[in-house]
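Undergrad: Next comes the sequence, and after it the predicted model I'd like to discuss.
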Amino acid sequence: TQLFSKSECLKGKRALVTAGGTQEPLDPVRYLGNRSSGRMGYAVAQALQEAGAETILVSAPTDLPAPHGVSRMSVQTALEMYDAVLANFPNMDVIVKAAAVADYRPATRAEQKIKKDGTNRTIELVPNPDILAELGRRKTSQVLIGFAAETENLLVNAQEKMHRKNVNLLVANDVTKPGAGFGSPTNIVSFLFPDGRRIDFPQMSKLEVARNLVGEIANLLGDCNK
Ligand code: CTP
Ligand code: CA
């Protein structure tokens, strides 16, 4: 893969990246969350910006500073992320869905802090919308990139997601490997394409993964084939 990041090859393109793990409130002081650090999505936003794209980052809570030159919209829940992404989608050329979106949210959100009473509790959960699948249904000319973090049957599960969500490229990573996935500064990924092509990468920094991804995005947009 060639690296295009420094060449401003996405100048004039508009990109939206989602990052971080959504938080689904139970009451004013508690939420259901996940182990996403946001690092992979932030690296993708940085690499797109370096390649010249006007880049929006729709970010669930993280400890990370917004990459230079990227405009950030902060959201907390999957529903907030859904609204922010869908509102911007029609104006975008590229969408990268690196966020770890909660599949479910608590059915109700208590107005006041929930009190303990010493008995067992059950939390009822209701499904969140699948943002990426919705984008796959609405897609016109946009390049749509999904991620799949798996703990088993990586390539089979990832292929199924790629087709089900109608994405142009799926980044698959086995989060059980040391040096990959949640919280790690590095990642070990494969890029899967709907035509059956696959590129397997060795362990590399998330920024290197992001720059390789931006190279493939440029190919998919048909730009920079110099
Ligand atoms: N995704 C999304 N909206 C959701 C859930 C997932 O947009 N409600 C996106 C993620 O951002 C990611 C891709 O879908 O790009 C795959 O997420 P993943 O959790 O691996 O797949 P799911 O379809 O949720 O399937 P499962 O968790 O059951 O494996
Ligand atoms: Ca999921």
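TA: Received, thanks. Ligands and ions are numbered 1, 2, ... in the order given.
Undergrad: ok, residue 157 to ligand 1 distance?
TA: Separation of residue 157 from ligand 1 (Cβ to the nearest ligand atom, to the nearest Å) stands at 6 Å. In short, each C-beta sits where N, CA and C put it, glycine included.
Undergrad: and that residue, how many neighbours?
TA: Neighbourhood size, residue 157 [other Cβ atoms under 10 Å]: 15.
Undergrad: again with residue 141
TA: Residue 141 has 7 neighbouring residues, counting by other Cβ under 10 Å.
Undergrad: next one: the one 4 residues further on
TA: Using other Cβ under 10 Å, residue 145 is surrounded by 24 other residues.
Undergrad: near ligand 1, which residues of this structure?
TA: 78, 97, 99, 101, 103, 128, 130-132, 146-149, 161 (Cβ under 6 Å from any ligand atom).
Undergrad: Show me the shaky parts of this structure.
TA: 1-7, 223-226 (pLDDT under 70).
Undergrad: Which secondary structure elements does the longest strand along the chain sit against?
TA: Longest strand in the chain, counting residues (DSSP state E): strand 143-150. Counting contacts by 3 or more Cβ pairs under 8 Å, 6 or more residues apart in numbering; DSSP states H and E, strand 143-150 is packed against strand 94-97, helix 131-138, helix 154-164, strand 169-174, helix 206-221.
Undergrad: Format those as JSON lines; extra columns: distance to residue 189.
TA: Below are the helices and strands packed on strand 143-150 laid out as JSON lines (distance: least, Cβ to Cβ, whole Å):
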{"stretch": "strand 94-97", "distance to residue 189": "13"}
{"stretch": "helix 131-138", "distance to residue 189": "17"}
{"stretch": "helix 154-164", "distance to residue 189": "10"}
{"stretch": "strand 169-174", "distance to residue 189": "5"}
{"stretch": "helix 206-221", "distance to residue 189": "6"}
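Undergrad: Determine which stretch of the ones you listed is the most buried.
TA: Of these, the one with the most neighbours on average (mean count of other Cβ atoms under 10 Å) is strand 94-97, at a mean of 27.
Undergrad: So which other helices or strands are in contact with it?
TA: Secondary-structure packing of strand 94-97 (3+ Cβ pairs under 8 Å, 6+ apart): strand 14-19, helix 39-50, helix 131-138, strand 143-150, helix 206-221.
Undergrad: now with 7 Å?
TA: strand 14-19, helix 131-138, strand 143-150 (3 or more Cβ pairs under 7 Å, 6 or more residues apart in numbering; DSSP states H and E).
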